[in-house]
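1. Below are the sequence and a predicted model; questions follow.
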Amino acid sequence: MKMEVHLQHRLEQRLQLSQQMLQNLELLQKPILELRQAIDEELQANPTLEIATELEERPAEAPTAEKPAAPETATEEGQREFLESIEDEWLQSERRGHSSGSTSEDADRRMELLQSTGAPEATLRDHLRTQIAILELDPELKPYLEHLINYLNDIGYLASSLEEIAQNLPEELRRVPAETARVRLEAALSFLQKMEPIGVGARDTRECLLLQLDESDTGYAAKRRLIERHLEDIGHNRLPKIARDITADPQAIADFGYPKPPDPNVVMEDLKILIGEIQKLNPKPGTNFATENAPRVFPEVIIRRVDGAYEIVIEDSWLPPLSINRNYQEMLKDKALGKPEKEYIRRKIDAGRKLISAIEQRRQTIQRITGEILKHQMEFFEQGSEHLKPLKMQEVADVLGIHNSTVSRAISGKWIETPRGIFPMKFFFATAAPKQAPAPFPPIGGTPSAEPEDRTRLALMEKIREIVDAEDRRKPLSDLEIVKILKQQNIAAARRTVAKYREEMGIPSSRLRKQY
């Protein structure tokens with residue numbers, strides 16, 4: 001077969017996004033604080049862009065600083081000096097200065113933003129290092145303790161064994177004999193486990209709970225035995241098994257202070273009390289501290305009820321109003337200005353206008369999408385979360401005549417403040433729960449039952465919670481029994497669906513919910 005290379009023309013249509021569209025989509029996806037940062041960066045980079053003020057309503061006046069004269073020659077050096085003079089004038093102008101009204105107003109908004117942002121929370125390691133600084137500690141032990149703190153995970157447990165930690169000591173701690181380092185590490189660990197929060201530095205859950213027991217407590221021996229030998233049984237709610245093991249073990253009977261033989265009913269009642277006290281201990285002491293600084297939520301949209309009707313307010317006060325500086329627009333009319341200089345100014349002005357247009361486009365898109373959310377989820381705003389309806393992004397996109405990805409970008413990272421609380425915009429795009437399938441044939445002498453309305457996943461979860469809350473704790477309902485109750489209420493759901501939603505809500509299985 002002969003291989004040949006040919007050139008041929010082909011006419012085809014291809015959809016390609018313009019730079020303006022790409023910028024619109026990029027700004028649309030940014031949350032309000034990221035957008036503010038992008039605007040600040042553009043203000044620093046584009047001398048023709050400025051924060052709009054009331055002064056712009058007056059006729060354009062000459063700038064405070066003397067306008068730089070155009071270069072007499074078209075040399076590269078003269079053009080460069082002229083462009084640098086434009087930058088210098090921009091940096092020294094009143095609109096960038098510290099005395100202008102616009103800057104003062106902008107500074108007030110920044111200060112409000114800073115005051116509204118919560119202070120960074122202390123991490124577990126920060127909390128422990130603070131204690132080290134104020135506690136009286138052997139100087140030889142301090143570096144080992146600080147080294148141990150680096151091996152704590154987010155829940156406060158020691159993530160590595162002492163052998164592994166000893167092998168990774170910093171250079172200054174390796175100068176002592178290995179056995180000495182080992183002894184100091186053990187002493188440092190013992191000191192760490194006495195620090196706040198109680199339970200920190202444990203190697204596992206059992207040790208963490210034991211560290212939190214009070215040796216002066218009259219039930220200390222019994223609690224210690226339960227944690228050491230029956231922690232798994234407690235986790236699986238196997239109280240009868242624990243009671244049998246206790247009554248069959250003379251040492252356990254002594255630890256619990258029972259006569260021989262103990263009354264089974266008394267043992268069971270005591271177990272409930274002791275296990276209840278053990279469950280009050282914190283198996284993850286480090287979770288009370290920050291792992292990272294979580295950003296505060298700033299709702300971009302506010303839906304409020306006014307005179308019986310809902311109105312949508314776009315909260316964009318964090319964003320400065322932008323405009324193009326008139327002085328630079330006037331400079332384009334200067335015949336003495338060279339072509340390269342005019343082209344530079346023209347590009348900057350065009351970039352500024354595109355940014356202003358993209359911000360306005362973003363605002364309108366978010367407003368329109370919020371309007372569709374309000375229209376579709378009116379029952380939620382009126383009656384609550386059980387009435388949240390299924391809604392797909394494609395449905396909103398079809399109504400507004402935009403692409404599905406545009407809706408996805410617009411709701412990404414955005415929050416809505418409503419009379420029922422603050423929610424991410426994605427919350428209102430709920431998925432549907434299964435519908436009750438209609439019977440294939442109507443019953444004899446009757447008509448087919450009406451198909452129930454669509455229910456969202458959230459509504460089904462709320463219904464499952466209601467059923468569980470109303471159950472008899474001595475005879476908790478299994479997932480299959482919950483399915484049957486839902487079916488009686490004309491709601492179809494598979495057993496695995498009920499189990500999945502129950503686990504998502506943190507509701508234990510029927511065996512773990514049982515109370516003896």
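-> Cool, the structure landed. The model shown is predicted, which means the values in this text are computed figures rather than measured ones.
2. Relative to the whole chain's centre, how far out is stretch 404-412?
-> 18 Å (Cα atoms, centre = their mean, to the nearest Å).
3. what's next to stretch 416-423, contact-wise?
-> 297, 299-305, 315, 370, 373, 380-381, 384-385, 415, 424-425, 428 (Cβ atoms under 8 Å, 6 or more residues apart in numbering). C-beta here means a position set from N, CA and C on the backbone, and glycine is covered the same way.
4. List the ones among these that fall in strands.
-> Judged by DSSP state E, the subset of the contacts of stretch 416-423 located in strands is 301, 302, 303, 304, 305, 415, 424.
5. Of the residues you listed, which is the nearest to residue 495?
-> If you rank these by distance to residue 495 using Cβ to Cβ, residue 424 comes first, at 30.2 Å.
6. give me every residue that touches the closest one.
-> Applying Cβ under 8 Å, 6+ apart, we find residue 424 in contact with 411, 413, 414, 415, 416.
7. so what's residue 505 up against?
-> 461, 464, 465.
8. Show the buried residues in the residues you listed.
-> The neighbour-count criterion (16 or more other Cβ atoms under 10 Å) marks 461, 464 among those as buried.
9. Just the contacts of residue 505: which are in helices?
-> 461, 464, 465 (DSSP state H).
10. Please indicate which of the contacts of stretch 416-423 are buried?
-> Buried subset of those (neighbour count, 16+ other Cβ under 10 Å): 299-303, 370, 373, 380-381, 385, 415, 425, 428.
11. would a markdown table of the residues you listed with distance to residue 172 and pLDDT be doable?
-> Shown next, in a markdown table, are the buried ones among the contacts of stretch 416-423 (distance: Cβ to Cβ, whole Å; pLDDT from 0 to 100):
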| residue | distance to residue 172 | pLDDT |
| --- | --- | --- |
| 299 | 51 | 89 |
| 300 | 51 | 89 |
| 301 | 55 | 92 |
| 302 | 56 | 92 |
| 303 | 60 | 93 |
| 370 | 59 | 94 |
| 373 | 60 | 93 |
| 380 | 61 | 88 |
| 381 | 63 | 89 |
| 385 | 58 | 75 |
| 415 | 49 | 91 |
| 425 | 53 | 90 |
| 428 | 57 | 89 |
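12. In the protein, what helix or strand scores lowest on average pLDDT?
-> Ranked by mean pLDDT, DSSP states H and E, the weakest helix or strand in the chain is helix 101-116, scoring a mean of 48.
13. now the helices for the stretch 351-500 of the chain?
-> Ranges of helices in the stretch 351-500 of the chain, per DSSP state H, counting those that start in this stretch, are 378-383, 393-400, 404-411, 457-469, 479-488, 495-504.
14. So which elements touch the first one?
-> When you say that, I think you mean helix 378-383. Counting contacts by 3 or more Cβ pairs under 8 Å, 6 or more residues apart in numbering; DSSP states H and E, helix 378-383 packs against no other helix or strand.
15. Can you tell me what sits against that helix?
-> Contacts of helix 378-383 (Cβ under 8 Å, 6+ apart): 303, 305, 310, 374, 387, 388, 389, 418, 419, 420, 428.
16. and the fifth one, how many neighbours?
-> Here the count is done by other Cβ atoms under 10 Å, and residue 387 has 17 residues near it.
17. What pLDDT does the model give it?
-> pLDDT for residue 387: 81.
18. Excluding chain neighbours, what is closest to it?
-> In space, and not counting its chain neighbours, residue 387 is closest to residue 379: 3.9 Å by Cβ to Cβ, 6 or more residues apart in numbering.
19. cool, the first one as well?
-> On the basis of Cβ to Cβ, 6+ apart, the spatially nearest residue to residue 303 that is not a chain neighbour turns out to be residue 418, at 4.7 Å.
20. Columns distance to residue 207 on top of the contacts of residue 424, output as CSV?
-> Converted to CSV, those look like this (distance: Cβ to Cβ, whole Å):
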residue, distance to residue 207
411, 45
413, 41
414, 44
415, 41
416, 45
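21. if I read this right, residue 376 contacts residue 389, doesn't it?
-> Yes: between residue 376 and residue 389 there is a contact under Cβ atoms under 8 Å: 6.3 Å.
22. Show me what the nearest residue to residue 456 once chain neighbours are set aside is bridged to.
-> In space, and not counting its chain neighbours, residue 456 is closest to residue 430: 3.9 Å by Cβ to Cβ, 6+ apart. Assessed by DSSP bridges, residue 430 has beta-bridge partners residue 390.
23. Could you let me know which of the ones in helices among the contacts of residue 505 ends up closest to residue 215?
-> Residue 215 has its nearest neighbour among those in residue 465, at 40.4 Å by Cβ to Cβ.
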